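# Quick one: sequence plus predicted model below, questions after.
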Amino acid sequence: MNFETYNLKQGKIIIAYSDKNLSIGYLELNPGTELEKHNRPTAEQFYQVEGTAIVVIFDKDDSKEVILSKGDQLEVPANQYHIHANRGTDRSITMWKFEGDISEVINKIRGS
């Protein structure tokens, strides 16, 4: 199995596996960084591997923050806007999993 690693200004994305039915990988965020507000066409499952992450979930004009510590899990519903952030001083590693076709998202990551 070959892992794909893509460097971002906020850290890196590692794609461990991806096809039209399942995608699994890791998001590594540097301290004090966050991804832009985004959504996905399928539910997104998170498992916090190392450090702490904050997932800001948006619902119309409201938002809530969910803190993920090592071992915590969270599922963000399909099409739910959210931000994945590391507001701490240590590296954050979050495993992500999609059950469904996110090939458009994966192709954007590969093209960046």
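Alright, I've got the coordinates.
# What pLDDT does the model give the residue located most distally from the centre of the chain?
When each C-alpha in the chain is compared with the mean C-alpha position (Cα atoms, centre = their mean), Asp61 comes out farthest, at 22.2 Å. What the model reports as pLDDT for Asp61 is 85.
# Could you pull up phi and psi at it?
phi -100, psi 10 (degrees, to the nearest 10).
# same thing with Gln45?
Dihedral angles (degrees, to the nearest 10) for Gln45: phi -110, psi 130.
# quick one: contacts for it?
Going by Cβ atoms under 8 Å, 6 or more residues apart in numbering, Gln45 touches 73-76, 96-99. All C-beta spots, glycine's among them, are computed from the backbone N, C-alpha and C.
# Can you list the residue ranges for strands in the protein?
Assigned by DSSP state E, the strands in the chain fall at 4-8, 11-18, 22-29, 33-34, 44-50, 53-59, 62-68, 73-76, 82-86, 92-99.
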